[in-house]
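Asker: Give me a 3D structure for the following:
(one chain, ligands or ions: 1)
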Amino acid sequence: MLKVVKFGGSSMADAKQFQKIKSIIDADPARTVVVVSAAGKRFKDDHKVTDLLYLCYAHLQYGVNCDGIFEMISNRYLEIRNELGLKTDLESEFAVLRKKLDSGISQDELVSRGEYFAAKLMADYLGFDFVDSKDWMRFKYDGNVDQAVSYEALNKLADGKKVVMPGFYGAMPDGRIKTFSRGGSDITGALAAAALNADVYENWTDVSGILMADPRIVDNPKPIERVTYNELRELSYIGAQVLHEMTIFPVREKHIPVNIRNTNEPDHPGTLICEEFDDTQESRPGFITGIAGKKNYSIITVEKSGMSGEVGAFRQILEIFEAHNVCVEYAPNGIDSLSLVVSTEKISPCLYSVIGELQKSLKPDNIKVTENIAIVAAVGRKMAFRAGVSGQIFAKLGENGINIRMISQGPDELNIIVGVDGKDFAKTIGVLYNSFVN
Ligand code: ASP
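Answerer: As a prediction, this is how the structure comes out:
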């Protein structure tokens, strides 16, 4: 049994958190491959080391002295080392890095150091080998990970060993350090799990699993016990902040389940993410797995009598949006109308050009623009082929005075999506949660 375990920034924030990680590792001998983030926030208004590193780089760019920030960064790690009584020689490493700042360092290399120092300390503390991710995580020149080369390299370095590796970065073919986008340590962990054919990828964070709704909107939402990869994709697409969106691909390819756990509540089973589940064994009776949503959409409705019989009309409309690089998120249609749901931010700069081009090429009877729309999705694999689910949802929203402006449901019946007025956003999520989850 092999478990690849990744600890996020809040789990790495200080010596106390390091101690919790050690107990988690000691509790299960299968937890032999550890991936870590840079030290995160210790309290609400604290700084993440990675943010400080980006700030440090900005100072260098503008020729402003960065000694103060550099000291804040080094002190974070020196404090952890000293409190845990470790021997890692951070002083010489910091001295070398400080010199590099003056002689020229890339942004990617500088910001990757948060993970590097964190992993060095954690390896020392756990008594595991340190494996530098630049020695196995290999990017291609197009910016994508070279999975075959990376997997082979990691197998050579880590197979059968107990190791700690930094997340977030790897190297280009010429050896230059390259990072993923923010939050990318999740991907490092997923790629390590896939490379080593792990039995499970544990992602340790500061919540007991993925929550069924946004805790800023719903009081104390329940964590999701089990979610499929497909449901998770729907939930994160529509706004749920879960894992870095690229995390799922490598583990899904190898059928490796992902378990989201809480470092501060290690006995809680968290959320399990798999391809599919035997739902007869699940304790939760409802049909909703999670509720998510996003604000600030616009709906552009094109009306033209006879449009549904006009070959190529939809294509013509979509091509105009494509030419302006605006992604059409949903496109519900009536007999003689098509509505395009798009992000307001994306359409605003080109709205009048788009309308002009639609007018010219389609000669519609009418074009209507509705702004300030919010999209809310109820996601759940158990909705599929169950009669009456959408009826129940629409009835509840109606009873609560919420006017539905748009409805969309895919044929896979994994979600029911409604467009509502922006002002009804939180209320819609609240009504769905309280009616169908609580
Ligand atoms: N430390 C990086 C960040 O803050 C990567 C990570 O934590 O996943 O974005």
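
Asker: Going by C-alpha atoms from here, please, whenever you check contacts or count neighbours.
Answerer: Noted.

Asker: Please list all residues in contact with the closest residue to Arg42 other than its chain neighbours.
Answerer: In space, and not counting its chain neighbours, Arg42 is closest to Ala13: 5.5 Å by Cα to Cα, 6 or more residues apart in numbering. Ala13 is in contact with Ala38, Ala39, Gly40, Lys41, Arg42, counting by Cα atoms under 8 Å, 6 or more residues apart in numbering.

Asker: Quick check: which ranges of this structure have low pLDDT?
Answerer: 280-285 (pLDDT under 70).

Asker: Which residues of it lie near the ligand?
Answerer: Gly8, Gly9, Ser37, Ala38, Thr50, Phe168, Arg182, Gly183, Gly184, Ser185, Asp186 (Cα under 6 Å from any ligand atom).

Asker: Compare those residues and tell me which has the most neighbours.
Answerer: Ser37 (32 neighbours; other Cα atoms under 10 Å).

Asker: Touching, that one and Gly9? I think so.
Answerer: Yes: between Ser37 and Gly9 a contact is recorded at 5.1 Å, counting by Cα atoms under 8 Å.

Asker: coming back round to it: which of the residues of the chain next to the ligand fall within helices?
Answerer: Thr50, Ser185, Asp186 (DSSP state H).

Asker: so how many other residues sit close to Pro215?
Answerer: 11.

Asker: Could you do Val200 as well?
Answerer: Neighbours around Val200, by other Cα under 10 Å: 23.

Asker: Just say helix, strand or coil for the residue nearest to Pro269 when sequence neighbours are not counted.
Answerer: The shortest distance from Pro269 to any non-neighbouring residue, by Cα to Cα, 6+ apart, is to Arg261 (6.7 Å). Classification of Arg261 using DSSP: H, G, I helix; E, B strand; the rest coil returns strand.

Asker: just to revisit the earlier point, which of the ones in helices among the residues of the chain next to the ligand lies closest to His268?
Answerer: Asp186 (20.2 Å; Cα to Cα).

Asker: Now do the same contact list for the closest one.
Answerer: Counted by Cα under 8 Å, 6+ apart, Asp186 has contacts Lys6, Gly167, Phe168, Asn203, Leu243, His244, Thr247.

Asker: wait, doesn't the last one sit right on Ser185?
Answerer: Spelled out, that is Thr247. No: assessed by Cα under 8 Å, Thr247 is found out of contact with Ser185, at 9.0 Å.

Asker: moving C-terminal of the longest helix belonging to the chain, what's the next helix or strand?
Answerer: When the chain is scanned for its longest helix (criterion: DSSP H), the result is helix 107-126. Using DSSP states H and E, the helix or strand that follows helix 107-126 towards the C-terminus is strand 129-130.

Asker: Export the helix or strand following that next one to CSV, keeping only CA atoms.
Answerer: Once strand 129-130 ends, the next helix or strand along the chain (criterion: DSSP H and E) is helix 147-158. Output of helix 147-158 as CSV, limited to C-alpha atoms (Å, rounded to 0.1, in the frame of the first residue of the first chain):
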residue,chain,number,x,y,z
GLN,A,147,4.6,13.1,-18.0
ALA,A,148,6.6,10.2,-19.4
VAL,A,149,10.0,11.7,-18.6
SER,A,150,8.8,13.0,-15.2
TYR,A,151,7.3,9.6,-14.1
GLU,A,152,10.4,7.7,-15.1
ALA,A,153,12.6,10.1,-13.2
LEU,A,154,10.5,10.0,-10.1
ASN,A,155,10.5,6.2,-10.1
LYS,A,156,14.3,6.2,-10.2
LEU,A,157,14.6,8.7,-7.3
ALA,A,158,11.8,7.7,-5.0
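
Asker: I'd like to know which elements helix 147-158 is packed against.
Answerer: Here helix 147-158 touches helix 185-195, going by 3 or more Cα pairs under 8 Å, 6 or more residues apart in numbering; DSSP states H and E.

Asker: The helix it packs on vs helix 147-158, what angle?
Answerer: Interaxial angle, helix 185-195 versus helix 147-158 (axes from the mean of the first three to the mean of the last three Cα atoms, to 10 degrees): 80 degrees.

Asker: what's the burial count for the residue of the stretch 251-400 of the chain found nearest the ligand?
Answerer: Nearest to the ligand, among the residues of the stretch 251-400 of the chain, is Ile260, at 14.3 Å (Cα to the nearest ligand atom). Ile260: 27 surrounding residues under other Cα under 10 Å.

Asker: Tell me the bridge partners for it.
Answerer: Asn203, Thr271 (DSSP bridges).

Asker: i'd like the first residue to be 379 from this point on
Answerer: Understood, numbering begins at 379; the last thing we discussed is Ile638.

Asker: so it touches Leu650, yeah?
Answerer: Yes: contact status for Ile638 versus Leu650: in contact at 6.5 Å, counting by Cα under 8 Å.

Asker: Could you report the separation of Pro710 from Leu716?
Answerer: Distance, Pro710 to Leu716, by Cα to Cα, to the nearest Å: 6 Å.

Asker: Which one's more surrounded, these two?
Answerer: A side-by-side neighbour count of Pro710 and Leu716, using other Cα under 10 Å, places Leu716 first with 22 against 14.

Asker: tell me the contacts of that one?
Answerer: Thr679, Val680, Glu681, Phe692, Ala709, Pro710.

Asker: what's the neighbour count on the closest residue to the third one other than its chain neighbours?
Answerer: Taking Cα to Cα, 6+ apart, and ignoring the residues beside it in sequence, Glu681 has Ser715 as its nearest neighbour in space, at 4.3 Å. Neighbours of Ser715 under the rule other Cα under 10 Å: 20.

Asker: Check the gap between Ser715 and Ser676 for me.
Answerer: 16 Å.

Asker: any chance you could map the strands in the stretch 679-816 of the chain?
Answerer: Along the stretch 679-816 of the chain, counting by DSSP state E, counting those that start in this stretch, strands occupy 711-712, 715-721, 744-757, 782-786, 793-799.

Asker: Now tabulate these in a markdown table and tack on distance to Glu449.
Answerer: A markdown table is the format used below for those (distance: least, Cα to Cα, whole Å):
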| stretch | distance to Glu449 |
| --- | --- |
| strand 711-712 | 59 |
| strand 715-721 | 42 |
| strand 744-757 | 44 |
| strand 782-786 | 53 |
| strand 793-799 | 48 |
